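K.L.:
Need a 3D model of the following:
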Amino acid sequence: MPDERFDIVIKSGFVIDGAGNPWFRADIGVKDGKIAEVGKVEGTRIKTIDAYRLFLCPGFMDIHSHSDYTLLVNPKAESKVRQGVTTEVVGNCGGSAAPSMGSQVDVTRRICEDYDIEPSWSSFSSYMDALERGKIAVNVAPLVGHGTVRRCVMGVEQRDPTPKELEEMKRLVGESMEAGAFGMSTGLVYPPGRYAKTSEIIELCKVVAKYGGIYASHIRGERETLVDAVKEAIEIGEEAGVPVEISHHPAKIGGWGKSVETLRLIDEARVKGVEVTCDMHSYIGGETSLSALLPPWVQEGGSKKILERVKDRELRKRIREDMIEEKIPGPGPCGLVKRGMWEKIMISSYPRREVVGKTIHEIAQDTGLNPFDAYFDLLFEADASGAIVGLYYNEEDIRRVLLHGCSMIGSDGYALVPYGVLGRGQKHPRSYGTFPMFIRKYVRGETRKDLRDDSGEKLVTLQEIVRKMTSLPTQKLGLRDRGLLREGMWADIVVFDLERIADKATYLQPYQYPDGIEYVLVNGVVVIENGEHTGALPGKPLKHHL
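P.N.:
Below you'll find the model as predicted:
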């Protein structure tokens, strides 16, 4: 069509369409925010992007993100869009920014104070309005958090809801779905989500099912109880008639090897008609606070009480015993402590810089102390502050989940920038490197020596990893106009150099953008050009429709 006029034409790239097909060479014409033509594109154009020797694919969807607030702090979303992410799925692990009422108001206010922003919403609908007003660089597909809804109605009480409270929770979930939520998430290891019985989740998911939404779950245990927790998620999906997304699925220590059984359970559930999928990232290490290794009773009352308890030499014996016995399973690094694997717990942030980068095992050796006393002394010296990286994932499990046809990619991170309030503190590198990492590590098979326990191997094709980042998550959410490079689709497009694309962030230096992402278009507007952010904010909050 020689008389056609395009806004942008991307010329002569290797096109990976998102459906899992091998590449083909073509041009892509963009007009009015959408893909107008794929093939040999003629006609006039306002802008031409030369993609010769570059690959084109749909924009990546981060199916598991926690950017609910950070997109309101800095809408440029640089750590994500520079990876090629064009859509963020927020509201995961049972925590969403909305609704905000009852006890949740104080939580919302406290988070907003930390980020130096004003909370301007209470309902899910008004939160969506806040995203719309703020203008953002990427699209946002929100979930409503079960923990948030429960806190709105019941606070953090450890009990069952009354019939009246359950009805109010169902009403809030329904209102959120009507406002555009794509489903509901749970965080069943965090209060107040962990106080909910399976039956409560099923009742709320029945509301989600009426609106055609999904159920995404940080399940009730990713370690020793992993198999039972997956069974519970499947039961919820089956009883409520709702699709299930198992969040960040590769097991933490204590559950290593159990992915053989959990993936079999997923396959069996799908044969029965229960739509179960999962997501994952590829980092061996997870980051948390130094104090998170302590039993829950030691953490009660905050930093002041923690310091009083760890100062007491006699009380340390009881704390040590409880850390080994672990009556209430804690986060991943607690499983390392339980097994005496202090060499896999590294200090990532601490007031005394000379210990940063060292493991607690190394610090114990340097000081002549046993690891527990070395740990307690570190806590006391830093007034219970500091952060750690626990290397508690297993590469074999990660690869097994990656090779499963129903797994997709999620960062479990945030849209950040290395400056301003979002550049404070120690962050996990997944917020900066997840998506390029998969291509570098499992398509090219390269290992990074500067990233702890990184091990690359050629396992998947480029077209398969792109499918897991694009059409599979958009299919899961029911987005029929994104995730593929086809005419009529929204022009969310990534242009990258296959030989150069790679993550650069590390556990100790996480604020590093990746290499090899040359252009990113969001809704037909160039946000990344020649590897740099243009300042454009063409993203929008997406709304789920039945």
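K.L.:
Identify the residues contacting residue 508.
P.N.:
Shown in contact with residue 508 (CB atoms under 8 Å, 6 or more residues apart in numbering): 348, 356-357. Glycine gets a C-beta too; all of them are placed from N, C-alpha and C.
K.L.:
where's it relative to residue 450, distance?
P.N.:
9 Å (CB to CB, to the nearest Å).
K.L.:
One more: residue 525?
P.N.:
Residue 525 is 35 Å from residue 450, by CB to CB.
K.L.:
Between the two, tell me which one has more neighbours.
P.N.:
residue 525 (18 against 10; other CB atoms under 10 Å).
K.L.:
what about the strands in the stretch 1-150 of the chain?
P.N.:
Using DSSP state E, counting those that start in this stretch, the strands found in the stretch 1-150 of the chain span residues 5-15, 24-31, 34-39, 44-50, 55-58, 60-62, 85-90, 139-142, 144-145.
K.L.:
which of these has the lowest average pLDDT?
P.N.:
Ranked by mean pLDDT, the strands of the stretch 1-150 of the chain bottom out at strand 44-50, with a mean of 93.
K.L.:
between that strand and strand 24-31, how big is the angle?
P.N.:
Interaxial angle of strand 44-50 relative to strand 24-31 (axes from the mean of the first three to the mean of the last three CA atoms, to 10 degrees): 140 degrees.
K.L.:
Parallel or antiparallel, list what pairs with strand 44-50.
P.N.:
strand 5-15 (parallel) (DSSP bridges).
K.L.:
Would you confirm that residue 60 contacts residue 83?
P.N.:
Yes. If you go by CB atoms under 8 Å, residue 60 and residue 83 touch, sitting 6.9 Å apart.
K.L.:
Touching both of these two, which residues are there?
P.N.:
residue 435.
K.L.:
top of the contacts of residue 508 by neighbour count?
P.N.:
residue 348 (23 neighbours).
K.L.:
Report the separation between that residue and residue 76.
P.N.:
25 Å.
K.L.:
what number of residues lie near the closest residue to residue 430 other than its chain neighbours?
P.N.:
Nearest in space to residue 430, with sequence neighbours left out and distances taken as CB to CB, 6 or more residues apart in numbering, is residue 413 at 4.3 Å. Using other CB under 10 Å, residue 413 has 28 neighbouring residues.
K.L.:
again with residue 366
P.N.:
Residue 366 - counted by other CB under 10 Å - has 12 other residues nearby.
K.L.:
Quick check: buried residues in the helix or strand hosting it?
P.N.:
Assigned by DSSP states H and E, residue 366 belongs to helix 360-367. For helix 360-367, the neighbour count (16 or more other CB atoms under 10 Å) marks 360-364 as buried.
K.L.:
May I have the helix or strand just after that helix exported as PDB, CA atoms only?
P.N.:
Using DSSP H and E, the helix or strand that follows helix 360-367 in sequence is helix 371-381. C-alpha atoms of helix 371-381 as PDB (Å, rounded to 0.1, in the frame of the first residue of the first chain):
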ATOM      1  CA  PRO A 371      28.100 -18.300  63.400                       C
ATOM      2  CA  PHE A 372      25.100 -17.700  65.700                       C
ATOM      3  CA  ASP A 373      27.000 -15.300  68.000                       C
ATOM      4  CA  ALA A 374      28.600 -13.600  65.000                       C
ATOM      5  CA  TYR A 375      25.100 -13.100  63.600                       C
ATOM      6  CA  PHE A 376      23.700 -11.800  67.000                       C
ATOM      7  CA  ASP A 377      26.700  -9.400  67.300                       C
ATOM      8  CA  LEU A 378      26.100  -8.100  63.800                       C
ATOM      9  CA  LEU A 379      22.500  -7.400  64.700                       C
ATOM     10  CA  PHE A 380      23.400  -5.600  67.900                       C
ATOM     11  CA  GLU A 381      26.100  -3.500  66.300                       C
END
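K.L.:
What's the first helix or strand after helix 371-381?
P.N.:
strand 387-390.
K.L.:
partners of that next one in the sheet?
P.N.:
In the sheet, strand 387-390 lines up with strand 286-289 (antiparallel), strand 345-349 (antiparallel) (DSSP bridges).
K.L.:
list the contacts for residue 528?
P.N.:
Contacts of residue 528 by CB under 8 Å, 6+ apart are 81-82, 517-520, 534.
K.L.:
Name the nearest of those relative to residue 149.
P.N.:
residue 81 (29.9 Å; CB to CB).
K.L.:
picking up where we left off before, need the strands of the stretch 1-150 of the chain in CSV with mean neighbour count and distance to residue 274, can you?
P.N.:
Compiled in CSV, the strands of the stretch 1-150 of the chain are given as follows (neighbours: other CB atoms under 10 Å; distance: least, CB to CB, whole Å):
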stretch, mean neighbour count, distance to residue 274
strand 5-15, 21, 34
strand 24-31, 21, 36
strand 34-39, 19, 34
strand 44-50, 15, 43
strand 55-58, 26, 27
strand 60-62, 32, 23
strand 85-90, 30, 21
strand 139-142, 26, 22
strand 144-145, 30, 21
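K.L.:
Show me the helices in the stretch 301-450 of the chain, by range?
P.N.:
Chain-ordered helices for the stretch 301-450 of the chain, with DSSP state H, counting those that start in this stretch as the definition, fall at 303-311, 313-325, 332-338, 360-367, 371-381, 395-403, 430-438.
K.L.:
How about residues contacting the longest one?
P.N.:
By CB under 8 Å, 6+ apart, the residues outside helix 313-325 that reach it are 293-295, 297-298, 309-310, 334, 337-338, 372-373, 376.
K.L.:
could you flag which of the residues you listed are buried?
P.N.:
Buried among the contacts of helix 313-325 by 16+ other CB under 10 Å: 293-295, 298, 309-310, 334, 337-338, 372-373, 376.
K.L.:
contacting residues around the residue positioned nearest the centre of the chain?
P.N.:
Residue closest to the mean C-alpha point of the chain, counted by CA atoms, centre = their mean, is residue 412 at 2.0 Å. Residues in contact with residue 412 (CB under 8 Å, 6+ apart) are 64-66, 92, 247-248, 281, 428, 430.
K.L.:
rerun that using 7 Å as the cut-off
P.N.:
Residues in contact with residue 412 (CB atoms under 7 Å, 6 or more residues apart in numbering) are 64, 248, 281, 430.
K.L.:
Of those, keep whichever come out buried.
P.N.:
64, 248, 281, 430.
K.L.:
Show me those that map onto helices.
P.N.:
residue 430 (DSSP state H).
K.L.:
Looking at the buried ones among the contacts of residue 412, which is nearest residue 36?
P.N.:
residue 64 (31.9 Å).
K.L.:
Quick check: chain neighbours aside, which residue is closest to the closest one?
P.N.:
Closest to residue 64 by CB to CB, 6+ apart is residue 410, at 2.8 Å.
K.L.:
And residue 351, by the same measure?
P.N.:
residue 382 is the one closest to residue 351 (CB to CB, 6+ apart), at 5.3 Å.
K.L.:
how about the strands in the stretch 401-546 of the chain?
P.N.:
Under DSSP E, counting those that start in this stretch, the stretch 401-546 of the chain gives strands at 407-409, 493-496, 517-522, 525-529, 532-533.
K.L.:
so what's residue 535 up against?
P.N.:
Counted by CB under 7 Å, 6+ apart, residue 535 has zero contacts.
K.L.:
let's see 8 Å
P.N.:
residue 76.
K.L.:
likewise residue 186?
P.N.:
93-94, 145-147, 193, 196, 201, 215-218.
K.L.:
Wait, residue 425 touches residue 350, no?
P.N.:
No. Under the criterion of CB under 8 Å, residue 425 makes no contact with residue 350, lying 11.9 Å away.
K.L.:
who touches both of those two?
P.N.:
residue 387.
K.L.:
Of these two, give the one with the bigger neighbour count.
P.N.:
Taking other CB under 10 Å, residue 425 and residue 350 do not tie; residue 350 has more neighbours (21 against 8).
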